[in-house]
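>>> With the input below, show me the fold.
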Amino acid sequence: MKFDLTDLRIFLSAVEGGSLTAAAAKNNIVVAAVSARLKKLEESFDLPLLERTGRGIRPTLAGDMLTRHARQVLSSAQRIEIELSNFSHGRSGNIRFLSNTNMLAEHLPAVMGRFLAEHPDISISVADKPSLEVVALLRNGEADIGIVAASADMSGLERWRFVPDRLVLVVPKDHALLDATDFSRVLSERMITLQQKVALSQFLRRRAVELGRDVDIRMRMDGFEGVCAMVAQGAGVAIVPESAALRYGRFMDFRMVQILDDWSDRELYLCVRREEHLPHHGKKFLAHLLSYVSEASATA
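Sure thing, here's the model as predicted:
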């Protein structure tokens, strides 16, 4: 590099002020230092950048070109400084957040919405991932905060208990399956599920494979409301979060059935690689999530 930001700042001050004296005053240095800096700059390019006149100095053609670029570079440098300062103080930035389907659909919209309303310069990138992927991405530094089921290996991560995540079976009102049942029995039914890439769909398929079975999918929907509506119309059965079943059950005609398998009632954890390594805006969001946990516990 033939110059630095200080060289550009002094050069631009000389051009805009029309003299070395003006540049010296603006940059709080002596005129001799300004002259030495500008001479070194001209020598590095082997071009005259300024010409002396009876009234001071003015840029040459090469100096005009450098002036235009210097303004752009210094403006960009100032924006970088402002943005990094905001980033370091948590006033702006993007948070990479991972969670399972249930939390993203049930608890997090209101929680994230409130946080974003309070912090208009912060954004959140959200991805729906199974717990096994979440822990791997956190360890690799590809995410800031994640929600992970207790069954996943969280070694090497810092964690805090999150809100409960209970899965239930919903069936048409006149369905034969009305008593608590296990997943192996559910797999004999035709099911309404979410889209294939959604974490809950992947989780249920993995549980079916562990039993040597497959999920008989009749239709895939984009959200729990659509899933419950299909069940209410008698199209099949579905596994959904209990909170969703209770909410949609107020105006849809279906029955809720307990699933006996241990995994239906899961402990969830908020995880980070290292809290101290989170940017300030990430620490703010983590504190916001933990505050939500405290509120949920107090009202449970």
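
>>> quick one: the helices in this structure?
Per DSSP state H, the chain carries helices over the ranges 5-17, 20-27, 31-45, 61-88, 101-106, 108-118, 131-139, 183-186, 199-210, 224-232, 242-248, 280-299.

>>> Let me know the angle separating the first one from helix 31-45.
Translated: helix 5-17. Here the directions of helix 5-17 and helix 31-45 differ by 110 degrees (axes from the mean of the first three to the mean of the last three CA atoms, to 10 degrees).

>>> Take the helices of the chain and lay them out in TSV including mean neighbour count.
Quick note: C-beta positions are derived from backbone N, CA and C, even for glycine. Rendered in TSV, the data for those read as follows (neighbours: other CB atoms under 10 Å):
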stretch	mean neighbour count
helix 5-17	19
helix 20-27	18
helix 31-45	15
helix 61-88	13
helix 101-106	21
helix 108-118	14
helix 131-139	21
helix 183-186	18
helix 199-210	18
helix 224-232	21
helix 242-248	19
helix 280-299	16
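
>>> Reformat these as JSON lines; add distance to S155 and mean pLDDT.
Listed next are these as JSON lines, based on distance: least, CB to CB, whole Å; pLDDT from 0 to 100:
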{"stretch": "helix 5-17", "distance to S155": "45", "mean pLDDT": "86"}
{"stretch": "helix 20-27", "distance to S155": "54", "mean pLDDT": "86"}
{"stretch": "helix 31-45", "distance to S155": "54", "mean pLDDT": "87"}
{"stretch": "helix 61-88", "distance to S155": "30", "mean pLDDT": "75"}
{"stretch": "helix 101-106", "distance to S155": "22", "mean pLDDT": "76"}
{"stretch": "helix 108-118", "distance to S155": "25", "mean pLDDT": "88"}
{"stretch": "helix 131-139", "distance to S155": "9", "mean pLDDT": "88"}
{"stretch": "helix 183-186", "distance to S155": "28", "mean pLDDT": "92"}
{"stretch": "helix 199-210", "distance to S155": "21", "mean pLDDT": "89"}
{"stretch": "helix 224-232", "distance to S155": "32", "mean pLDDT": "94"}
{"stretch": "helix 242-248", "distance to S155": "29", "mean pLDDT": "89"}
{"stretch": "helix 280-299", "distance to S155": "20", "mean pLDDT": "84"}
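
>>> Among those helices, which comes closest to W263?
helix 199-210 (6.8 Å; CB to CB).

>>> Does anything pack onto that closest one? Which helices or strands?
Helix 199-210 sits against helix 101-106, strand 191-194, with contacts defined as 3 or more CB pairs under 8 Å, 6 or more residues apart in numbering; DSSP states H and E.

>>> for this protein, which residue is closest to the average position?
Among the residues of the chain, the one closest to the centroid is R96, at 2.5 Å (CA atoms, centre = their mean).

>>> who does it bridge with?
S125 (DSSP bridges).

>>> hang on, isn't it packed against G141?
No: if you go by CB atoms under 8 Å, R96 and G141 don't touch, sitting 9.5 Å apart.

>>> ok, and what's touching stretch 196-213?
100-102, 128-131, 183-184, 187, 193-195, 214-215, 220, 239, 261, 263 (CB atoms under 8 Å, 6 or more residues apart in numbering).

>>> of the residues you listed, buried ones?
The neighbour count (16 or more other CB atoms under 10 Å) marks 100-102, 128-131, 183, 187, 193-194, 215, 220, 239 as buried among those.

>>> And the furthest pair within those?
K129 and L187 (24.1 Å).

>>> could you measure the residue lying closest to R58 once chain neighbours are set aside against T6, distance?
Closest residue in space to R58, ignoring its immediate chain neighbours: E51 at 6.1 Å, by CB to CB, 6 or more residues apart in numbering. Applying CB to CB, to the nearest Å, the value for E51 to T6 is 22 Å.

>>> go on, D214?
67 Å.

>>> Now for the nearest residue to A245 once chain neighbours are set aside: which residues touch it?
The shortest distance from A245 to any non-neighbouring residue, by CB to CB, 6+ apart, is to M256 (4.7 Å). Counting by CB under 8 Å, 6+ apart, M256 touches 168-170, 242, 245-246, 249.

>>> wait, G223 sits on L194?
Yes: using CB under 8 Å, G223 is in contact with L194, at 7.4 Å.

>>> Give the residues shared as contacts by those two.
Common neighbours of G223 and L194 (CB under 8 Å, 6+ apart) do not exist.

>>> Tell me how far A245 lies from H288.
Applying CB to CB to A245 and H288 gives a distance of 27 Å.
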